[in-house]
Structures are given as structure tokens and as C-alpha cells.
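Peer 1: Pasting a predicted model and its sequence here:
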Amino acid sequence: MVEASTAAWFGAAGLEVTGVEEVRGEVAVGVQTPGGQVVFCELCGRRARSKGRREVVLRDAPGADGRPVRVRWNKRIWECRSPRCGAGSWTERSELAGPRRVLTFRAERWAADRLAAVEGSVASAARRLGVSWRTVWSAVEAAAEEVAGDPDRVGPTARVGFDETVMASASRRRRRRFITAAVDASSGQVVDVFDGRDAAGLRKWVSRQPRWWADSVEVVCMDPHEGYRSAVNELKDSGGLPSAVKTAADPFHIVRLANQALTRCRQRTQQDTTGHRGRTGDALYGIRKLLLTGAERLDPAGRQRLWAALDRGDPYDEVADCWQAKEKIRSVFKTADPEQAADRLDDAIAYSQAPEAAPELHKLARTLKRWRTEIIASTTTGTHNGRTEAANAKIKDVKRSARGFTNLNNHRLRILLAAGRKPGQTQPVTKIRTRRPRFVA
Ligand SMILES: [Zn+2]
């Protein structure tokens with residue numbers, strides 16, 4: 001029997017530590033329940049008789065220095081004394097580990113915490129614990145299912161954002177596989193992820209949500225993606241979503257379309273005027289990043305360089321026009337006044353569809369016209385997918401940490417485990433160094 005302080009260090013309630021030794025680089029901790037316990041049969045209630053002990057070896061969470069820890073639990077076996085009772089014999093339970101488990105509860109929590117923090121993969125946790133992938137995954141899966149199934153995890157979601165990510169890259173055998181994340185656009189909380197990025201996937205997912213949730217939605221924010229929009233419209237028509245739901249186009253993606261038009265126009269003009277792709281020394285190539293910088297962030301020298309290069313490399317002013325259009329579109333999202341935003345958008349559309357404008361701008365104008373209502377809705381409701389994109393960055397971290405997923409359910413659980421962690425759910429830690437010394441000499 002080792003003293004009580006060792007038991008406190010080990011931290012398994014109701015067990016005494018019988019010894020700690022190092023065996024080939026591993027720490028081995030012996031534990032058992034103290035003697036003199038009185039246990040009763042669960043079936044007949046008679047006092048049970050001890051049949052001795054049997055050693056069970058468990059894997060515990062690694063020690064503070066990273067050394068593997070194994071626990072030798074000298075488990076007591078009890079037996080019912082009554083010959084007429086069917087209880088037979090049983091082994092004792094404890095808060096250390098569940099029955100027939102290889103991992104202690106603490107090791108299971110350690111693995112789940114690691115994966116919730118997106119530190120390493122299931123395989124790396126399994127290596128650290130010296131158990132199989134399956135053993136670690138079943139512990140993590142249980143923790144993740146608890147997070148995913150928590151009824152308080154997702155509340156009413158007035159603004160929901162949908163955004164796609166690649167779940168698995170294409171290989172020789174299969175095509176690229178997409179998943180869509182539904183995110184609370186106000187808080188960044190991941191509501192769920194589901195298969196695909198088309199209308200059918202979104203419709204199916206929304207129809208599986210509780211009625212109160214669907215009724216709480218006021219704005220749906222999305223990339224300018226026809227599949228998502230038609231799904232939302234169909235849901236509004238069929239009553240799957242309230243008919244007052246507004247569809248908003250994410251400002252970032254709209255500005256990105258303008259940036260893409262500008263870049264394509266620059267590349268085409270480059271080819272047309274020089275006959276080759278941009279290279280060092282070419283006027284347009286030298287300002288490729290300057291063109292995409294917001295006008296308000298250009299200093300006088302930057303402006304000077306921009307216009308000088310356009311004078312040299314943009315004979316028909318098409319690139320300059322695209323730059324103007326891009327700035328007009330950016331200005332749409334810089335006003336809080338909905339009428340002014342609509343006026344600015346209409347100005348950008350008129351400017352882009354002028355007969356003399358570049359073909360890239362004509363294409364952009366068509367997209368802007370198709371999404372005019374949604375762009376204005378994003379300015380009037382102040383909705384954007386900034387937080388949705390941030391949540392998606394985390395989803396990509398999860399994907400990278402597992403080097404891609406082939407099983408959507410596992411991927412979904414891992415995402416919800418990582419996304420479901422709120423601050424304050426971890427054990428509070430007392431500060432042991434403070435700014436001001438407590439005792440002043
Ligand atoms: Zn009994």
C-alpha cells in the first residue's frame with residue numbers, strides 16, 4: 001500500500017495505489033479497492049462473498065512527461081452466497097474504466113480531447129496509447145456522438161450560412177467528393193455537415209431538421225451557387241422553410257467574382273498585347289497584386305505605379321474598366337443604407353454591361369443581375385459568411401489532420417467534436433504565478 005498522496009496523484013476515486021514502477025520505459029501503476037468492503041448481491045440483496053482478485057491491465061493516458069502509463073487493476077471478484085440465486089459471480093466496477101475496456105476513462109478522454117483540439121489523428125493517438133485504431137475510434141466516436149446529440153448544442157439560427165468544402169480529393173477510383181457545412185452565420189457555430197453541394201442535398205438536410213429550427217431561420221447566406229438558391233426557393237414554396245426567409249449572397253464571394261473578372265481580363269490583355277503569359281518586366285504582370293488591392297489601401301506611390309503600368313500595358317482601357325467595376329462592387333458593401341447599396345449595385349451593373357466594356361465584365365454583369373436580389377438582401381440584413389468561412393477553415397483542419405476522409409459519418413462526427421467545444425468546458429486552472437507578489441518584504 002502506497003500512501004494516500006499517491007492515490008491523490010493517480011486520481012481514481014475509491015482505489016488505493018499499491019505500487020508505481022517503471023517497466024521498459026513505461027510507468028506501471030498497481031491499484032485495487034481497499035479491503036474490508038461490504039458488497040451485496042444485486043439480484044437477491046444478500047451479502048456477497050469475495051472469490052479473490054484477478055489482475056486486469058489497462059492503458060491510461062500518457063504521463064506528464066509523455067511516458068506511456070499502464071494500470072494493473074487487481075480487480076476483486078464477488079460471488080453470491082445463495083445457491084438459489086442466479087447472480088453467480090461478478091467483478092467489481094470502478095470509476096477507472098468501463099467493463100471489458102482496454103482504455104481507462106481518462107485515456108478515452110485524453111484521446112477525445114486531442115481530437116477535439118485537432119491535434120493529430122486517431123492513428124497517432126492509437127500509437128501513443130499502444131492500442132488499435134478501432135479501440136481509440138470507438139472511444140472518440142462515443143464522445144463525438146454525445147457532443148453531436150446534445151440538444152442544447154444548436155439553438156434557433158436566425159442566420160444560417162451554407163458553404164461547401166472538399167471532403168476527399170479525386171483519385172483514380174473516385175471523383176472529388178464535396179460536403180456542405182451549415183453554420184450559424186452570426187456565431188460561427190457549426191450546425192451540421194452533409195453530403196454533396198447540390199439542391200437535393202440541401203433540401204434533404206433541411207427537411208430532416210426539427211420544425212422549430214427551420215422556423216427560426218430568417219436569412220440564408222450562400223455563395224452565388226445556383227444549387228443552394230434553388231433548394232432554398234423550393235423549400236420556401238413547399239413550406240420546408242418559412243416563406244419570409246431571405247436569401248443573401250455572401251459579399252466576399254461577390255467581390256471575388258469581380259476580382260476574377262479583373263484577373264482574367266488582365267491575362268487576356270497580356271496575351272493579346274505581348275503574345276505570351278505575364279513575366280517579370282511586363283507592365284500588367286508587375287501590378288497583378290496591386291490591381292486586387294482595395295483602392296483605399298493604395299498609397300500615392302502605389303496609385304502612381306498602377307496608372308503608369310495601365311498606361312503602358314492596357315491599350316483599350318479594358319483592365320482599367322474592370323478595376324473600376326471591382327471598386328464599384330466593393331462600394332456596394334460599404335454602405336449601411338440599403339437604397340444607396342441598391343443604387344451602387346445598379347451602377348456597377350450598368351457600368352459592366354456597357355457595350356464597350358470587356359467581355360469579362362459582360363459576364364460579371366449577367367451574374368450580378370441574376371443575384372441582384374440576394375446581393376441587396378445581404379446589405380439590408382448585414383449578413384455575410386465570414387464566420388461560416390472561419391468554421392470551414394476548422395473543417396479543413398480536421399480533414400487535413402486525418403489526411404482526408406472516406407467515411408462521411410466519421411468526418412461529420414470529428415467536425416462536430418472539434419466544433420462543439422465551447423470555452424469554459426475545460427477544467428479551470430488556478431494561476432500559480434501572478435503579476436504582483438503576494439508577500440512584500
Ligand atoms: Zn444473489
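Peer 2: It's in. Residues are numbered from 1 along each chain as shown.
Peer 1: Could you say which helix or strand holds Arg106?
Peer 2: helix 105-116 (DSSP states H and E).
Peer 1: Pull out the CA atoms of that helix and give them to me as PDB.
Peer 2: Below are the C-alpha coordinates for helix 105-116, written out as PDB (Å, rounded to 0.1, in the frame of the first residue of the first chain):
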ATOM      1  CA  PHE A 105     -11.900   6.600 -18.900                       C
ATOM      2  CA  ARG A 106      -9.100   9.100 -18.500                       C
ATOM      3  CA  ALA A 107      -7.300   7.600 -21.600                       C
ATOM      4  CA  GLU A 108     -10.600   7.800 -23.600                       C
ATOM      5  CA  ARG A 109     -11.000  11.400 -22.500                       C
ATOM      6  CA  TRP A 110      -7.400  12.200 -23.400                       C
ATOM      7  CA  ALA A 111      -7.900  10.800 -26.900                       C
ATOM      8  CA  ALA A 112     -11.200  12.600 -27.400                       C
ATOM      9  CA  ASP A 113      -9.700  15.900 -26.100                       C
ATOM     10  CA  ARG A 114      -6.800  15.600 -28.500                       C
ATOM     11  CA  LEU A 115      -9.000  15.100 -31.500                       C
ATOM     12  CA  ALA A 116     -11.400  17.800 -30.300                       C
END
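Peer 1: downstream neighbour of that helix in the secondary structure list?
Peer 2: helix 122-129.
Peer 1: just how off-centre is that following helix within its chain?
Peer 2: 21 Å (C-alpha atoms, centre = their mean, to the nearest Å).
Peer 1: List of residues touching it?
Peer 2: Outside helix 122-129, the residues within contact range by C-beta atoms under 8 Å, 6 or more residues apart in numbering are 59, 62, 68, 103, 107, 110-111, 114-115, 132-133, 135-137, 140, 402. Quick note: C-beta positions are derived from backbone N, CA and C, even for glycine.
Peer 1: helix or strand right after that helix?
Peer 2: Following helix 122-129 toward the C-terminus (DSSP H and E): helix 133-149.
Peer 1: Need the CA coordinates for whichever helix or strand comes after that following helix. PDB is fine.
Peer 2: Next helix or strand after helix 133-149 toward the C-terminus (DSSP H and E): strand 159-168. What follows is strand 159-168, C-alpha atoms only, in PDB (Å, rounded to 0.1, in the frame of the first residue of the first chain):
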ATOM      1  CA  ARG A 159     -28.900  33.500 -40.000                       C
ATOM      2  CA  VAL A 160     -27.700  30.300 -41.500                       C
ATOM      3  CA  GLY A 161     -24.800  30.100 -43.900                       C
ATOM      4  CA  PHE A 162     -24.100  27.200 -46.300                       C
ATOM      5  CA  ASP A 163     -20.600  26.700 -47.700                       C
ATOM      6  CA  GLU A 164     -19.000  23.800 -49.500                       C
ATOM      7  CA  THR A 165     -15.700  22.100 -48.900                       C
ATOM      8  CA  VAL A 166     -13.900  19.200 -50.400                       C
ATOM      9  CA  MET A 167     -14.200  16.100 -48.200                       C
ATOM     10  CA  ALA A 168     -11.900  13.800 -50.300                       C
END
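Peer 1: which strands and helices sit next to strand 159-168?
Peer 2: Applying 3 or more C-beta pairs under 8 Å, 6 or more residues apart in numbering; DSSP states H and E, one finds that strand 159-168 makes contact with strand 177-184, strand 219-222, helix 386-401.
Peer 1: Following element in sequence after the second one, please.
Peer 2: Read that as strand 219-222. Next along from strand 219-222, by DSSP H and E: helix 226-238.
Peer 1: Name every strand pairing with the helix or strand following that following helix and say which way it goes.
Peer 2: Counting by DSSP H and E, the element after helix 226-238 in chain order, helix or strand, is strand 246-249. As defined by DSSP bridges, the strand partners of strand 246-249 come to strand 219-222 (parallel).
Peer 1: List of residues touching the partner strand?
Peer 2: Where contact means C-beta under 8 Å, 6+ apart, the residues beyond strand 219-222 that reach it are 158-163, 185, 228-229, 232, 241, 245-250, 374, 377-378, 381, 383-385, 388.
Peer 1: How about stretch 55-73?
Peer 2: So stretch 55-73 is contacted by 15, 23, 25-32, 74-75, 91, 94, 96-97, 101-104, 106-107, 109-110, 128-131 (C-beta under 8 Å, 6+ apart).
Peer 1: Drop anything exposed from these.
Peer 2: Among the contacts of stretch 55-73, those classed as buried by 16 or more other C-beta atoms under 10 Å are 15, 27-32, 74-75, 91, 94, 96-97, 101-104, 106-107, 110, 128-129, 131.
Peer 1: picking that back up, which members of the contacts of strand 219-222 are classed as buried?
Peer 2: Neighbour-count burial (16+ other C-beta under 10 Å) applied to these gives 159-163, 185, 228-229, 232, 241, 245-250, 374, 377-378, 381, 383-385, 388.
Peer 1: pretty sure Asp347 is in contact with Glu327, am I right?
Peer 2: No - if you go by C-beta atoms under 8 Å, Asp347 and Glu327 don't touch, sitting 11.2 Å apart.
Peer 1: Pull up the overlap in contacts between the two.
Peer 2: Common neighbours of Asp347 and Glu327, using C-beta under 8 Å, 6+ apart, do not exist here.
Peer 1: sorry, back to before: which two of the contacts of helix 122-129 have the greatest separation?
Peer 2: By the measure C-beta to C-beta, Pro68 and Ala402 form the most distant pair in the contacts of helix 122-129, at 23.1 Å.
Peer 1: Would you map out the domains in this protein?
Peer 2: The chain breaks down into these domains under automatic domain parsing: 4-146, 159-250+386-417, 251-381.
Peer 1: Report how many residues lie close to the residue in the stretch 151-300 of the chain that the ion sits nearest to.
Peer 2: Scanning the stretch 151-300 of the chain for proximity to the ion using C-beta to the ion identifies Pro151 as nearest, at 38.8 Å. Using other C-beta atoms under 10 Å, Pro151 has 7 neighbouring residues.
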